[in-house]
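>>> have a look at this fold, sequence not included:
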């Protein structure tokens, strides 16, 4: 009787030994295959010959892949056969008790961990306080904010040298954050030219003079005294304005170079525009 893996057959032969029989039958034996009894065993009537075939498997260790032939019954036996000893914390996939099959992929993942300590900046808050000596729309920083500092300890787990998990295990505040304190203007009335000026807010802006260009304003009318070009995201078109050093005006125009806290103020003559030039001003948005 000859058993070759899952196949079996009864043979009649005049060959002398097991090896002679296999050669005569054209049965090849691989380098990791096992034959029982041994190849030099003399044949006799009723002898059972068993061929245990090695199967190909793939071994993956720390990203290094190799092919092996094995007759091991389980993954654990395979690792022992290859003298691969996992540490207690390592992961073996599939489980060591799993049976070995042709084409099986066995992965050994080396698991390590360490404690990592790092400094983490803590953001500061912003505290706003009303100021009744400051115009509405203006702010003043009286205390600069300062970030805090926290020392954090993490348990970091690595699989084959790559971080897969980070767990915060402790944290200690080294320095508390210091809030930034801002005064927010609440005053909505100022005196200009002997009269009280009621406004909704004030914008600190850079004002540049301009004169006739031959083009109408964005509101469709020619520019004239009191015409002011603005960034409409800061000062809406149509707003009534009072500009220190210039007087009353109205937001009538826009311009490509007018972005943010910038305005252009109209003068009838080039000489007047040149005298004004460009300067920092308070622009009061007049309350209706």
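Yes, it's here. Predicted model, so just to flag it, every value in this text is computed and none were measured.

>>> for the closest residue to residue 104 other than its chain neighbours, which residues make a bridge with it?
Spatial nearest neighbour of residue 104, chain neighbours left out: residue 57 (4.7 Å); criterion: C-beta to C-beta, 6 or more residues apart in numbering. All C-beta spots, glycine's among them, are computed from the backbone N, C-alpha and C. Using DSSP bridges, the beta-bridge partners of residue 57 come out as residue 68.

>>> could you list the low-pLDDT ranges of the stretch 151-288 of the chain?
Residues of the stretch 151-288 of the chain meeting the criterion pLDDT under 70: 288.

>>> all strands for it, in order.
Ranges of strands in the stretch 151-288 of the chain, per DSSP state E, counting those that start in this stretch, are 162-175, 180-187, 189-192, 195-210, 227-229, 240-243, 247-253, 262-266, 278-286.

>>> low-confidence regions, the stretch 1-150 of the chain specifically.
Answering for the stretch 1-150 of the chain: no residues sit below the bar, that is pLDDT under 70.

>>> residue 241: how many residues sit nearby?
Neighbourhood size, residue 241 [other C-beta atoms under 10 Å]: 23.

>>> surely it and residue 234 touch.
No: using C-beta atoms under 8 Å as the test, residue 241 is too far from residue 234 to be in contact (11.7 Å).

>>> between those two, which contacts overlap?
Taking C-beta atoms under 8 Å, 6 or more residues apart in numbering as the contact rule, residue 241 and residue 234 touch no residue in common.

>>> any chance of the strands of the stretch 151-288 of the chain in a markdown table, plus distance to residue 125?
As requested, these are arranged in a markdown table below (distance: least, C-beta to C-beta, whole Å):
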| stretch | distance to residue 125 |
| --- | --- |
| strand 162-175 | 15 |
| strand 180-187 | 7 |
| strand 189-192 | 31 |
| strand 195-210 | 24 |
| strand 227-229 | 37 |
| strand 240-243 | 34 |
| strand 247-253 | 35 |
| strand 262-266 | 31 |
| strand 278-286 | 29 |
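
>>> highest mean neighbour count out of those strands?
Comparing the strands of the stretch 151-288 of the chain on average neighbours per residue, with mean count of other C-beta atoms under 10 Å, the densest one is strand 227-229 at a mean of 24.

>>> helices and strands around that strand, which ones?
In terms of contacts (3 or more C-beta pairs under 8 Å, 6 or more residues apart in numbering; DSSP states H and E), strand 227-229 is packed against strand 247-253, strand 262-266.

>>> how distant is it from the center of its chain?
46 Å (C-alpha atoms, centre = their mean, to the nearest Å).

>>> hmm, who's touching that strand?
210, 217-218, 241, 243, 249-255, 258, 263-266.

>>> pop the domain breakdown of the protein in here.
According to automatic domain parsing, the chain is divided into the following domains: 2-52, 55-109, 114-183, 188-286.

>>> buried deepest among the ones you listed, which one?
For the domains of the chain, ranked by mean neighbour count under the definition mean count of other C-beta under 10 Å, the leader is domain 188-286 at a mean of 16.

>>> measure that domain end to end?
Taking C-alpha to C-alpha, to the nearest Å, the span from the opening residue of domain 188-286 to its closing residue is 9 Å.

>>> ok, which of the strands of the stretch 151-288 of the chain comes nearest residue 130?
With C-beta to C-beta as the measure, strand 180-187 is the member of the strands of the stretch 151-288 of the chain nearest residue 130 (4.8 Å).

>>> what lies in contact with the closest one?
Counting contacts by C-beta under 8 Å, 6+ apart, the residues touching strand 180-187 from outside are 124-145, 202.
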